[in-house]
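S.K.: need a structure here:
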Amino acid sequence: MKKLLPFALCAALIGCGEVRVVDLDDTREVENMQHVMELEYRDWTQTAEDMTKSMLASGAFARVKNPVIGIGEIKNDTMQRFDTDILTKKIRTTLINSGRAQVSTAFENNDYAEDTSTYAVRAARGDDEYDQTTIVQKGTLVAPNLSLSGKMIQRNMKLQSGWFSSVDTRVEYYLQMTLTDIKTGLSVWEDERPIIKEGDHAPTW
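M.R.: Numbers count the residues shown, from 1 in each chain. Purely as a prediction, here's the structure:
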């Protein structure tokens, strides 16, 4: 019996470490994903969809000729570490595919451009190793006339737990976004989407 114990323990540990891959094309599987207190896939997907619909319905793009968006600062003021592209990439993809706006990937924000090849190719001007007729000329980049910026905020609140309740924390997330007309400096669209969660093990500093 003692000899079987290590094998049983090993099997139990293997069972506990089982990984389940979620099929994101299966709506039911996504809905049945375990809920967590952190921001997760469903939060990003729903928020991006809501924000994009709000932006397109606002008429902001109709008021600006040939709208080109530059991605400004998206500040993460939550207690979690994540790349804000998780949200903005989904929004950008929908906007571009809608045909209502374009996004500049060469626009430099804080010395950062998503597509560094745009500048790398231009740096080859005058380099004898390249056929200069294939190098793009000056004055061809399109500057953005709109800037998309935002902020993600988190608030934790302690709840009074009852005898039969395990809920002890409410976490409120607020995802705010602003679309600014660069020429005038005026906001042409704004929205805020709250996400409220209650449970244990809330993200903290």
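S.K.: list the contacts for the residue nearest the centre of the chain?
M.R.: Nearest to the mean C-alpha position of the chain, by Cα atoms, centre = their mean, lies Leu87 at 1.6 Å. For Leu87, the contact set (Cβ atoms under 8 Å, 6 or more residues apart in numbering) comprises 44, 47-48, 51, 74, 150, 152, 175. C-beta: built from backbone N, CA, C; applies to glycine.
S.K.: Mind checking which of those residues are in strands?
M.R.: 74, 150, 152, 175 (DSSP state E).
S.K.: so what's the last one bridging to?
M.R.: Applying DSSP bridges to Leu175 yields these beta-bridge partners: Met152, Arg193.
S.K.: residue contacts, Met177?
M.R.: 51, 148-150, 190-192.
S.K.: Leaving out the residues flanking it, which one is nearest to it?
M.R.: Closest residue in space to Met177, ignoring its immediate chain neighbours: Gly150 at 3.9 Å, by Cβ to Cβ, 6 or more residues apart in numbering.
S.K.: check which helix or strand covers Asp25.
M.R.: Assignment of secondary structure by DSSP states H and E places Asp25 within no helix or strand.
S.K.: Tell me where the model's unsure across the protein.
M.R.: By pLDDT under 70, the low-scoring segments of the chain are 1-17, 108-113, 161-167, 201-205.
S.K.: hey, where'd the strands end up in it?
M.R.: Under DSSP E, the chain gives strands at 68-77, 102-103, 146-158, 169-181, 186-199.
S.K.: any chance of those strands in a markdown table, plus distance to Thr140?
M.R.: Shown next, in a markdown table, are those (distance: least, Cβ to Cβ, whole Å):
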| stretch | distance to Thr140 |
| --- | --- |
| strand 68-77 | 14 |
| strand 102-103 | 15 |
| strand 146-158 | 20 |
| strand 169-181 | 23 |
| strand 186-199 | 27 |
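S.K.: Who are the packing partners of the longest helix belonging to the chain?
M.R.: If you go by DSSP state H, the chain has its longest helix at helix 41-57. Helix 41-57 sits against helix 85-98, strand 169-181, strand 186-199, with contacts defined as 3 or more Cβ pairs under 8 Å, 6 or more residues apart in numbering; DSSP states H and E.
S.K.: quick one, the first one and strand 68-77 angle?
M.R.: Angle, helix 85-98 to strand 68-77, by axes from the mean of the first three to the mean of the last three Cα atoms, to 10 degrees: 160 degrees.
S.K.: Report the buried residues of helix 85-98.
M.R.: Counting neighbours by 16 or more other Cβ atoms under 10 Å, one finds that the buried residues in helix 85-98 are 86-88, 90-92, 94-95.
S.K.: Stretch 150-162 now?
M.R.: For stretch 150-162, by 16+ other Cβ under 10 Å, it's 150-152, 154.
S.K.: quick one: which of these is nearest to Thr78?
M.R.: Gln154 (3.8 Å; Cβ to Cβ).
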